[in-house]
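Peer 1: What follows is a predicted structure for the sequence shown.
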Amino acid sequence: MSIKAEEISALIKQQLENFDDKLKVDEVGTVTYIGDGIARAHGLNNALSNELLEFSNGSYGIAQNLEANDVGIIILGKYDDIREGDQVKRTGKIMEVPVGEALIGRVVNPLGQPVDGFGEIKTDKTRPIESPAPGVMARQSVSEPLQTGIKAIDALVPIGRGQRELVIGDRKTGKTSIALDTIINQKGQNIICIYIAIGQKESTVRAQVETLRKFGAMDYTIVVEAGPSEPAPMLYIAPYAGTAMGEEFMYNGKHVLIVFDDLSKQAVSYREISLLLRRPPGREAYPGDVFYLHSRLLERSAKLNDELGGGSMTALPFIQTQAGDISAYIPTNVISITDGQIFLQSDLFFAGTRPAINAGESVSRVGGSAQIKAMKKVAGTLRLDLASFRELESFSQFGSDLDSATQAKLNRGRRTVEVLKQPLHQPLPVEHQVLILFALTRGMIDSVPVQDIQKFQNGLFEFFEANHRDLLDVIVKTGDLPDEDKLTSAITEFADGFSK
């Protein structure tokens with residue numbers, strides 16, 4: 001077989017054209033210690049803080065401690081088959097997660113990988129999980145309400161778009177229920193919701209996802225799940241990953257509601273990681289930067305100015321207390337970062353007042369700016385009335401002879417408590433809330449027996465929907481109360497029929 005010289009030269013020319021003289025240089029280190037989800041590696045002299053590192057078994061880790069002799073790495077995922085002497089390679093990337101519209105309606109882990117069995121998520125956009133919070137000049141003041149659909153919150157401790165409102169209370173006091181009801185109430189409000197379940201049982205998260213699906217709320221919700229069986233680093237990065245997903249929408253001019261359920265478990269996982277990395281323990285064995293852990297997370301929620309698109313991210317961080325102690329270390333840390341707190345009290349919860357919101361210790365530092373005019377008018381004195389009722393109620397247990405003014409205050413207080421009760425997963429539109437609170441504060445249900453208040457309220461809503469929808473539309477369109485005489489006469493008309 002003869003090969004012509006021309007063919008050989010053509011082949012050589014072709015190979016020379018395709019020759020690439022670029023060398024691929026990887027910075028590779030050696031694992032010197034492995035255990036408890038923590039690795040130490042020698043030889044990664046140029047590694048960056050929070051850089052993603054790849055182990056020879058395909059697992060990834062994040063560089064945390066950059067020390068003189070070695071790098072402390074937290075491992076994301078399986079570490080059982082990593083051995084001392086294995087190679088670990090720099091990727092040159094800061095830890096990032098996939099973001100974008102494709103994630104809506106999905107349940108993902110903190111790495112942005114789907115865990116709901118609905119196939120892969122097709123998106124080519126990513127964002128680093130840690131990014132600087134918007135500066136003061138990039139923000140504008142909170143002025144738009146974020147309606148939760150829960151009367152006790154929208155009237156007493158209103159939340160605005162771009163606010164950070166802490167939800168705090170013991171185990172089993174209804175914190176997650178508030179989150180789910182708020183997410184359900186965002187249907188049709190043009191808000192994308194992100195629910196981050198940290199350290200919750202997988203069966204519980206599945207039930208919550210089914211609840212959201214049943215009410216059609218998964219159409220605009222992303223669920224990030226880091227279960228208790230996951231390694232501590234996954235629980236630690238979950239809130240940052242969820243916030244990165246939310247920032248993608250916020251910086252594109254959209255509105256986001258993000259729920260961290262709950263940050264106590266994240267703080268515990270961070271404490272575990274820090275102690276394993278041999279960082280010095282501080283108060284209650286938490287590392288010294290545990291305040292910074294939450295502040296750099298929550299400061300990323302904001303209402304952006306109009307030049308940046310006017311998008312917003314509203315944060316509802318949850319903190320679990322022990323025996324109602326809101327003056328403990330982690331609760332006080334997060335209280336000082338947020339713009340107010342909703343305190344759920346176990347005594348109220350077990351007494352049947354649900355949501356179990358303690359009006360005296362709950363506060364919103366945004367206040368009336370996050371309420372429509374109509375709500376401001378009807379809910380103005382509600383908090384004071386409720387606080388004085390609680391005081392009078394405890395005082396009146398000691399004496400039987402009460403003057404008529406005190407009796408009237410107690411009667412109004414009992415009705416206020418009853419009106420503010422709300423069944424699970426039944427958020428109310430704001431016009432219905434304004435309607436019942438108008439009737440309450442103007443004394444129009446003082447004669448209705450306390451046990452009949454819920455029945456009266458439901459009947460009133462049906463009556464207005466059928467006969468006076470125009471008055472409710474005024475509240476929706478203008479945000480202000482309709483003609484008060486018309487409103488009063490319509491409520492009186494219903495009350496007369498109800499009492500017969």
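Peer 2: Thanks, I have the structure now. Numbering: from 1, shown residues only.

Peer 1: right, and Glu390 touches Gly360 too?
Peer 2: One correction, residue 390 is Arg, not Glu. Yes. Proximity of Arg390 to Gly360 meets the contact threshold set by C-beta atoms under 8 Å, at 6.9 Å. In short, each C-beta sits where N, CA and C put it, glycine included.

Peer 1: Tell me which of these two has more neighbours.
Peer 2: Just comparing Arg390 and Gly360: by other C-beta atoms under 10 Å the higher neighbour count belongs to Arg390, 16 against 13.

Peer 1: name the element that one belongs to?
Peer 2: Secondary structure assignment for Arg390, by DSSP states H and E: helix 382-396.

Peer 1: Heading C-terminal from that helix, find the next helix or strand.
Peer 2: Towards the C-terminus, the helix or strand next in line after helix 382-396, according to DSSP H and E, is helix 404-420.

Peer 1: Can you list the buried residues in that following helix?
Peer 2: Using 16 or more other C-beta atoms under 10 Å as the burial criterion, the residues of helix 404-420 that qualify are Lys409, Leu410, Arg412, Gly413, Arg415, Thr416, Val417, Glu418, Val419, Leu420.

Peer 1: and it, what other elements does it pack with?
Peer 2: If contacts are counted by 3 or more C-beta pairs under 8 Å, 6 or more residues apart in numbering; DSSP states H and E, helix 404-420 sits against helix 151-156, helix 382-396, helix 430-441, helix 453-467.

Peer 1: Note down every partner strand of the helix or strand that the shortest one is followed by and its orientation.
Peer 2: Spelled out, it's helix 151-156. Following helix 151-156 in sequence order, the next helix or strand is strand 166-169 (DSSP H and E). According to DSSP bridges, strand 166-169 forms sheet pairs with strand 312-320 (parallel), strand 340-344 (parallel).

Peer 1: ok so, going back, the helix holding Arg390: how far from the chain's middle?
Peer 2: Averaging C-alpha coordinates over helix 382-396 and over its chain gives two centres that are 31 Å apart (C-alpha atoms, centre = their mean, to the nearest Å).

Peer 1: show me what contacts Gly37?
Peer 2: Going by C-beta atoms under 8 Å, 6 or more residues apart in numbering, Gly37 touches Ile74, Ile75, Tyr79, Pro231, Ala232, Pro233, Ile273, Leu276.

Peer 1: I'd like these as JSON lines, with neighbour count, distance to Asp485 and secondary structure appended.
Peer 2: As requested, the contacts of Gly37 are arranged in JSON lines below (neighbours: other C-beta atoms under 10 Å; distance: C-beta to C-beta, whole Å; DSSP: H, G, I helix; E, B strand; the rest coil):
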{"residue": "Ile74", "neighbour count": "24", "distance to Asp485": "65", "secondary structure": "strand"}
{"residue": "Ile75", "neighbour count": "23", "distance to Asp485": "69", "secondary structure": "strand"}
{"residue": "Tyr79", "neighbour count": "21", "distance to Asp485": "71", "secondary structure": "coil"}
{"residue": "Pro231", "neighbour count": "20", "distance to Asp485": "64", "secondary structure": "coil"}
{"residue": "Ala232", "neighbour count": "24", "distance to Asp485": "62", "secondary structure": "helix"}
{"residue": "Pro233", "neighbour count": "26", "distance to Asp485": "63", "secondary structure": "helix"}
{"residue": "Ile273", "neighbour count": "23", "distance to Asp485": "63", "secondary structure": "helix"}
{"residue": "Leu276", "neighbour count": "15", "distance to Asp485": "69", "secondary structure": "helix"}
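
Peer 1: For those residues, point out the one with the lowest pLDDT.
Peer 2: Lowest model confidence among the contacts of Gly37 falls on Tyr79, which carries 84.

Peer 1: measure that one to Tyr60 for me?
Peer 2: Between Tyr79 and Tyr60 the distance is 11 Å, computed by C-beta to C-beta, to the nearest Å.

Peer 1: picking up where we left off before, nearest to Leu472, out of the strands paired with strand 166-169?
Peer 2: Taking C-beta to C-beta as the criterion, strand 312-320 is the member of those that comes nearest to Leu472, at 25.6 Å.

Peer 1: model confidence over the closest one, on average?
Peer 2: Computed over strand 312-320, the average pLDDT equals 97.

Peer 1: Likewise for stretch 355-374?
Peer 2: 89.

Peer 1: ok, and the closest non-adjacent residue to Arg40?
Peer 2: For Arg40, ignoring the flanking residues on the chain, the nearest one in space by C-beta to C-beta, 6 or more residues apart in numbering is Tyr33 at 4.1 Å.

Peer 1: Can you pull out the low-pLDDT segments for the stretch 351-500 of the chain?
Peer 2: Applying pLDDT under 70 to the stretch 351-500 of the chain picks out residues 398-400, 500.

Peer 1: CA atoms of stretch 493-500 as PDB?
Peer 2: What follows is the C-alpha trace of stretch 493-500 in PDB, where atoms were taken according to Å, rounded to 0.1, in the frame of the first residue of the first chain:
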ATOM      1  CA  GLU A 493     -78.900  45.700  57.900                       C
ATOM      2  CA  PHE A 494     -77.000  42.400  58.200                       C
ATOM      3  CA  ALA A 495     -76.700  42.600  62.000                       C
ATOM      4  CA  ASP A 496     -80.500  43.200  62.400                       C
ATOM      5  CA  GLY A 497     -81.200  40.100  60.300                       C
ATOM      6  CA  PHE A 498     -78.600  38.100  62.100                       C
ATOM      7  CA  SER A 499     -80.000  38.800  65.600                       C
ATOM      8  CA  LYS A 500     -83.500  37.800  64.700                       C
END
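
Peer 1: Sweet, I'm off.
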